[in-house]
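Enquirer: Provided below are the primary sequence and the corresponding predicted coordinates.
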Amino acid sequence: MGKRLQNALKFSLNGEDSSLDLRNIKYLPRWAVFLIDIFLVVLSSVITTFIIIDLTPNYYTFLDFPAKIVLGAIIHVFYFFIFKTYAGIIRYSSNIDALKLLLATTCAFLTLVLINYITFLVIGEKLYLIGGLLINLWITFSLLFLFRLGVKQVYEFFKLAHKNEVLIRAVILGADENAISIAGALDIEHPKRFKIVGFLTETKHHRSIRILDKPVINYTDTLHHQVKALRASAIILSENKFTSEEKFAIVANCLENDIKVYNAPIVSYYEDEEKPIAQQVKTLQIEDLLEREPIQLDKENKAAQLTGKTILVTGAAGSIGSEIVRQVAYYNPKKILLLDQAETPLHNLQLEVEAKFPGLNYKAIICDVGNQRRLEIMFQNQNIDVVYHAAAYKHVPLMEENPHEAVFVNINGTKNLADLSVKYNVGHFVMVSTDKAVNPSNVMGASKRAAEMYVQSLYHNQRLINENTTKFITTRFGNVLGSNGSVVPLFRKQIEKGGPITITHPDIIRYFMTIPEACQLVLEAGTMGRGGEIFVFDMGEPVKIMDLAIKMIKLAGYIPNKHIKIKITGLRPGEKLYEELLTDECKTLPTHHKKIMIGVDKVQDYEIINEKVENIIKSAHKFKNDKVVAKLKDLIPEFISNNSSFERLDRVGSDA
């Protein structure tokens, strides 16, 4: 208390007035609260005594008044310890704290009544008047409650009266329990950022209705009028019932009228108890506007596959691989092997794992998946149960310029891992693929399609020999928000630099999903798959990249093509206007989850696929790009290059 009080006192050495800033006294220590509570108990006993003396001359005298006060204080202290009434931070006092006080004082009252009747039975005389005990109960609870209420109000007064603090006047969109919880959290936040001045809701209410002593106002399509009427400069979104288009219409209306937009968490989903909810109210991001109906998957069914098992994650330091590691870690595996060739990102992941999962048994392994001998040593030394294969080269223009590297990692790396998984009896092998593998128009997509074909054919070939072979499962999805090299962080950096935002084509569209969703799909596929399947999922409506850029510019508070220019650069080599998740010939089967489907491709002969894949790998080692791509096209007839120097190979094929 002494140091906090010293920090709160600001002394001036140049003649200015000293000032007391009570905001810097963060909380009263427990011993101070405890002593004040005892003082209030004694005070209530004294007050009760004077009331009783004034009301009646007939009172019990077996104990004198000081002894009665001491006995009452001891009983109250006992129940203060039992219910921890002194343990809370007073400025955050709630109904629970009031209930604790009521329980402590009531139990003390009942205990004193019990002692009263025990002494009557033993010595034939009572210690207290029952009416006096009732009066004491009421006075004690009132004093304790008013003390906490008074401290809380004094703190709020000094917090609001601080002259140097500029608060953002904000309204909350919504008037449900979540909105009320957010408003309450923001009111007690320290240091305070927002002054909540009202609630906006679609439901019409009587004009006089108030929540937390703040008005509740019905809003229309032009909600900025209601915001301005409350003299607010910001709006906080607290509801999750809006579609992305409805949410963007609200955001656009606000941004066009100089109203800042913030996003608040759904309190029922909030799990980080160490971080106050108020700190989760953040400026709206484009990811918030791209939200779809979230894919909710059953976590329990993955426990049997992951708990107590040895798990290998390749590409573990990447955006997808690292999230797989985080999710798998919660299932208490026997061991996680983190494999990646990128030293610094793997080191960063290692530090994160040690901080977040201190009890996790893991091993970080620097290794290229193309290094078959190094991989075999690992499989020999580790009894691996599940492989999540996320290691891959994924940047389309770079792979178009370096086809041999796409082969070394995406094809040969997958072949090495798949062959070793069969050899060392791995239970499940889950491969992360991409929508670019469907009707590929570039080397990257073709290399991933070749990898898909290989693991599928290997599974069906091995199953003919052994029913208990490794289950090979492929997951295929579109662009992942926030992943390394994805468009959203690129646009964000371009906006921060003042533009321009670069878009390859005004009509280009893409599917989007979040990293956690993508990794949930990977884990779910590993559990659901029986072997040989390609899992795809309903990703909702595709997003036009031009619209995405415009939304991001507006969210940043700028006007598109005025403050931030949008520059069309032309399609990159191998790039398509749109991506697909299934080929025209591929059929789909439903699963137990309406958002997840199984793509049923024609299974090709392993001997043929293996021979062609080995020929592709041999060509890659000779660094003859044309031969590598030509052999890829031979393996994958639907691979037609687009906006690429390899288009000539398609013309040669058609001429032949």
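Expert: Everything's here; your move.

Enquirer: where does residue 365 fall, helix, sheet strand or coil?
Expert: Each residue gets one of three states, and residue 365 gets strand by DSSP: H, G, I helix; E, B strand; the rest coil.

Enquirer: Please apply the same query to the one 4 residues further on.
Expert: Recorded secondary structure, residue 369: coil (three-state DSSP).

Enquirer: what number of residues lie near the closest residue to it other than its chain neighbours?
Expert: Once its chain neighbours are removed from consideration, residue 369 has its nearest residue in residue 413; the separation is 3.1 Å (CB to CB, 6 or more residues apart in numbering). The C-beta positions use only the backbone N, C-alpha and C, and glycine is treated the same way. Residue 413 sits with 26 neighbouring residues when counted by other CB atoms under 10 Å.

Enquirer: Am I right that residue 413 is in a helix?
Expert: Yes: the assignment for residue 413 (three-state DSSP) places it in a helix.

Enquirer: what's near enough to touch it?
Expert: For residue 413, the contact set (CB atoms under 8 Å, 6 or more residues apart in numbering) comprises 314, 368-370, 391-392.

Enquirer: Filter these down to the buried ones.
Expert: The neighbour-count test (16 or more other CB atoms under 10 Å) applied to the contacts of residue 413 identifies 314, 368-370, 391-392 as buried.

Enquirer: Can you lay out those as JSON lines showing distance to residue 468 and pLDDT?
Expert: Below are the buried ones among the contacts of residue 413 laid out as JSON lines (distance: CB to CB, whole Å; pLDDT from 0 to 100):
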{"residue": "314", "distance to residue 468": "23", "pLDDT": "96"}
{"residue": "368", "distance to residue 468": "30", "pLDDT": "94"}
{"residue": "369", "distance to residue 468": "25", "pLDDT": "94"}
{"residue": "370", "distance to residue 468": "29", "pLDDT": "92"}
{"residue": "391", "distance to residue 468": "26", "pLDDT": "93"}
{"residue": "392", "distance to residue 468": "28", "pLDDT": "93"}
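
Enquirer: Can you tell me the SS state at residue 198?
Expert: Look at residue 198: counting by three-state DSSP, its state is strand.

Enquirer: okay, it: pLDDT?
Expert: pLDDT for residue 198: 84.

Enquirer: Then residue 474?
Expert: Residue 474 is assigned a predicted lDDT (pLDDT) of 90.

Enquirer: and the strand or helix carrying residue 567, which strands flank it?
Expert: Assigning secondary structure by DSSP states H and E places residue 567 in strand 566-568. According to DSSP bridges, the neighbouring strands of strand 566-568, each with its direction, are strand 501-503 (parallel).

Enquirer: So what's the gap between the helix or strand just after the strand it pairs with and the chain middle?
Expert: Remark: after strand 501-503, the chain's next helix or strand is strand 509-510, criterion DSSP H and E. Strand 509-510 sits 25 Å away from the centroid of its parent chain (CA atoms, centre = their mean, to the nearest Å).

Enquirer: average model confidence for strand 509-510?
Expert: The predicted model assigns strand 509-510 a mean pLDDT of 78.

Enquirer: and it, what other elements does it pack with?
Expert: Packing partners of strand 509-510 (3 or more CB pairs under 8 Å, 6 or more residues apart in numbering; DSSP states H and E): strand 543-544.

Enquirer: what sits up against the strand it packs on?
Expert: When contacts are taken as CB under 8 Å, 6+ apart, the neighbours of strand 543-544 outside the stretch itself are 290, 507-512.

Enquirer: again, but for stretch 231-238
Expert: When contacts are defined by CB under 8 Å, 6+ apart, stretch 231-238 is touched by residues 168-174, 176, 178-179, 182, 186, 194, 197-198, 200, 223, 227, 247, 250, 254, 258-264, 281, 284, 288.

Enquirer: Let's see that with 7 Å instead.
Expert: Counting by CB atoms under 7 Å, 6 or more residues apart in numbering, stretch 231-238 makes contact with 168-174, 178-179, 182, 197, 227, 254, 259-264, 281, 284, all of which sit outside it.

Enquirer: buried residues in it?
Expert: Within stretch 231-238, the residues that qualify as buried by neighbour count (16+ other CB under 10 Å) are 232, 234-238.

Enquirer: mind listing which of those residues are in strands?
Expert: Using DSSP state E, the subset of the buried residues of stretch 231-238 located in strands is 234-237.

Enquirer: Pull out the buried positions in the strand holding residue 567.
Expert: Of the residues in strand 566-568, those buried (16+ other CB under 10 Å) are residue 566.

Enquirer: How is the protein partitioned into domains?
Expert: Residue ranges for each domain of the chain read 30-160, 168-284, 307-607, as given by automatic domain parsing.

Enquirer: most packed of these?
Expert: With neighbours defined by mean count of other CB atoms under 10 Å, none of the domains of the chain is more surrounded on average than domain 307-607, at a mean of 19.

Enquirer: ends of that domain, how far apart?
Expert: With CA to CA, to the nearest Å applied, domain 307-607 spans 36 Å between its terminal residues.

Enquirer: do stretch 550-567 as well
Expert: Between the opening and closing residues of stretch 550-567 there is a gap of 12 Å (CA to CA).

Enquirer: Is it correct that residue 486 is in contact with residue 478?
Expert: No: taking contacts as CB atoms under 7 Å, residue 486 lies outside contact range of residue 478: 10.6 Å.

Enquirer: ok, back up a step: let me know the closest of the contacts of residue 413 to residue 407.
Expert: Proximity of these to residue 407 was ranked by CB to CB; the top entry is residue 370 with 9.1 Å.

Enquirer: From residue 414, how far off is the closest one?
Expert: If you measure residue 370 against residue 414 using CB to CB, to the nearest Å, the figure is 10 Å.

Enquirer: out of the contacts of residue 413, which one sits closest to residue 126?
Expert: Top of the list for closeness to residue 126, among the contacts of residue 413 and by CB to CB, is residue 314 at 80.2 Å.

Enquirer: Can you classify the residue nearest to the closest one when sequence neighbours are not counted as helix, strand or coil?
Expert: Of all residues beyond its chain neighbours, the one nearest residue 314 is residue 391 (3.9 Å), with distances taken as CB to CB, 6+ apart. Of the three states, residue 391 takes coil according to three-state DSSP.

Enquirer: ok now do residue 391, which residues does it touch?
Expert: Here residue 391 is in contact with 314-315, 340, 369, 409, 413 (CB under 7 Å, 6+ apart).

Enquirer: Off-centre distance for stretch 315-331?
Expert: Distance of stretch 315-331 from its chain centroid, counting by CA atoms, centre = their mean, is 14 Å.

Enquirer: Can you show me the CA trace of it as CSV?
Expert: The C-alpha trace of stretch 315-331 is given here as CSV (Å, rounded to 0.1, in the frame of the first residue of the first chain):
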residue,chain,number,x,y,z
GLY,A,315,6.5,-28.2,-42.8
ALA,A,316,6.0,-27.6,-39.1
ALA,A,317,7.3,-24.0,-39.2
GLY,A,318,4.9,-22.9,-41.9
SER,A,319,1.6,-21.2,-41.3
ILE,A,320,-0.4,-24.4,-41.7
GLY,A,321,2.1,-26.8,-40.1
SER,A,322,2.6,-24.6,-37.0
GLU,A,323,-1.2,-24.4,-36.5
ILE,A,324,-1.5,-28.2,-36.8
VAL,A,325,1.2,-28.4,-34.1
ARG,A,326,-0.8,-26.1,-31.8
GLN,A,327,-4.0,-28.0,-32.3
VAL,A,328,-2.4,-31.5,-31.9
ALA,A,329,-0.6,-30.3,-28.7
TYR,A,330,-3.9,-30.0,-26.9
TYR,A,331,-4.6,-33.7,-27.3
